[in-house]
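Chemist: With the sequence up front, the predicted model follows.
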Amino acid sequence: MACFGLYCGKTLLFKNSSTEIYGECGACPRGQRTNEEKYCQPCTESPELYDWLYLGFMAMLPLVSHWFCIEWDSKKRCSSGVIFQQASALFECGMAAVVTLLVSNPPGSLSIYSCGVLMLSDWYTMLYNPSPDYITTLHCTQEAVYPLYTIVFVYYAFCLLFMMLLRPFLVKKIQCSLYMPNPFESIYTALYFFPVLTMLQAVAGGLLYYAFPYIVLVASLANLAVYLVFAKIEIYSDLIRKDRLLVLFSHWFLHGYGLIALSREDQLEQNLSFLILVPLPLLFYFLTTKFTKPSRIISEGAKWY
């Protein structure tokens, strides 16, 4: 019997030296994907560099959200408490990432098996079930991009678990907690943004997979421009401060991250060559800032009257 449907396949039931028996056409088990002959095959490939970068991007979203909420809720009343909570958030997300990799297939290893991504429809197999015009309606919804879709949900669950287990006890030890309006505010805020991130992955995971390099580049460039303007940094010597250098290196890290992801190359030598482009936005800013000063524009405009 022919196996219809873009993601429908036949599962291997029995195999010996001379015989292979397959079941009826349907959805492949988790960790398998149909091949060109419509047979379900186990996923044993290693993720590409682009896949790892995507997982890294999805792993950074809770961490950045934590840091933003901690900074926002603290209202700059206790700088040491903010740093303490941000370090706690980094530890929680780091532990969640390690545990997620350890429980994934193969268990106990920091590497994972992957089916790979061939096209956008791989993320939305539920939309590609065979038409009901066939004699038997098949439902072949499966994780064709195993494990890139579900591993993010597992990671978010561990992030939330470690936060609930560690953060309340660590926050109590902040010496300046009495001067903070509510040291547990960041925990309450996380209970709101985690469902948002989960829904974002569930609905737009495939779109984010293809768009995240552009999101990283645009966000990092916009944040760097806003920081340079509001910090009134106009010459190189204005950057020689620990806090400003930390912000600059953070933006450069995001620039490099987005450029490497945008190249979609698995060769390390070619990826490193793209890092030459990282300082260009900063150099362009310093070379053009003297021509874009509001005072200069106003004074030159007044000469025409």
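Modeler: Thanks, I have it.
Chemist: in the stretch 51-200 of the chain, what spans have low per-residue confidence?
Modeler: 74-81, 130-138, 173-183 (pLDDT under 70).
Chemist: Now do the strands in it.
Modeler: For the stretch 51-200 of the chain, strands defined by DSSP state E, counting those that start in this stretch do not occur.
Chemist: Can you check the pLDDT for the residue lying closest to residue 24 once chain neighbours are set aside?
Modeler: Spatial nearest neighbour of residue 24, excluding adjacent residues (CB to CB, 6 or more residues apart in numbering): residue 10 at 6.9 Å. Every C-beta, even on glycine, is put in place using the N, C-alpha and C of the backbone. Listed pLDDT for residue 10 reads 89.
Chemist: Please determine how far the nearest residue to residue 50 once chain neighbours are set aside is located from residue 212.
Modeler: Spatially, and ignoring its direct neighbours in sequence, residue 50 is nearest to residue 264 (5.2 Å; CB to CB, 6+ apart). Using CB to CB, to the nearest Å, we find residue 264 at a distance of 12 Å from residue 212.
Chemist: More neighbours: which of those two?
Modeler: Of the pair residue 264 and residue 212, residue 212 is the one with more neighbours under other CB atoms under 10 Å, namely 22 against 12.
Chemist: Which helix or strand lies directly C-terminal to the helix or strand hosting the more buried one?
Modeler: According to DSSP states H and E, residue 212 maps onto helix 185-230. Toward the C-terminal end, the helix or strand that comes next after helix 185-230 (DSSP H and E) is helix 242-263.
Chemist: Just want the angle from that following helix to helix 185-230.
Modeler: 90 degrees (axes from the mean of the first three to the mean of the last three CA atoms, to 10 degrees).
Chemist: Now do helix 242-263: which elements does it pack against?
Modeler: Helix 242-263 sits against helix 49-74, helix 185-230, helix 268-273, with contacts defined as 3 or more CB pairs under 8 Å, 6 or more residues apart in numbering; DSSP states H and E.
Chemist: Tell me which of those sits nearest to residue 129.
Modeler: For the helices and strands packed on helix 242-263, proximity to residue 129 was assessed by CB to CB; helix 185-230 is nearest, at 16.7 Å.
Chemist: counting contacts, what elements does the closest one pack onto?
Modeler: Against helix 185-230 (3+ CB pairs under 8 Å, 6+ apart) you get helix 49-74, helix 150-171, helix 242-263, helix 280-288.
Chemist: Okay, buried residues for the shortest one please.
Modeler: What that stands for is helix 280-288. For helix 280-288, the neighbour count (16 or more other CB atoms under 10 Å) marks 281-282, 285 as buried.
Chemist: cool, the second one as well?
Modeler: When burial is assessed from 16+ other CB under 10 Å, helix 150-171 yields the following buried residues: 151-152, 154-156, 158-160, 162-163, 167, 171.
Chemist: Now flag whichever of those is closest to residue 33.
Modeler: Among the buried residues of helix 150-171, and counting by CB to CB, the member closest to residue 33 is residue 151, at 15.4 Å.
Chemist: Run a quick check on the closest one versus residue 51, I expect a contact.
Modeler: No. Taking contacts as CB atoms under 8 Å, residue 151 lies outside contact range of residue 51: 10.3 Å.
Chemist: quick one on the thing from earlier: of all the buried residues of helix 150-171, which two lie farthest apart?
Modeler: Taking CB to CB, the two most distant members of the buried residues of helix 150-171 are 151 and 171; they sit 28.9 Å apart.
Chemist: what's the closest non-adjacent residue to residue 225?
Modeler: Leaving aside its chain neighbours, residue 225 sits nearest to residue 285 (7.1 Å; criterion: CB to CB, 6+ apart).
Chemist: how far away is the one you found from residue 248?
Modeler: For residue 285, the distance to residue 248 equals 11 Å [CB to CB].
Chemist: how about the nearest residue to residue 92 once chain neighbours are set aside, what does it touch?
Modeler: Excluding its sequence neighbours, the residue lying closest to residue 92 (CB to CB, 6+ apart) is residue 162, at 4.2 Å. By CB atoms under 8 Å, 6 or more residues apart in numbering, the contact set of residue 162 is 92, 95-96.
Chemist: I'd like the distance between residue 162 and residue 245.
Modeler: Separation of residue 162 from residue 245 (CB to CB): 30 Å.
Chemist: And for residue 89?
Modeler: Counting by CB to CB, the gap from residue 89 to residue 245 is 22 Å.
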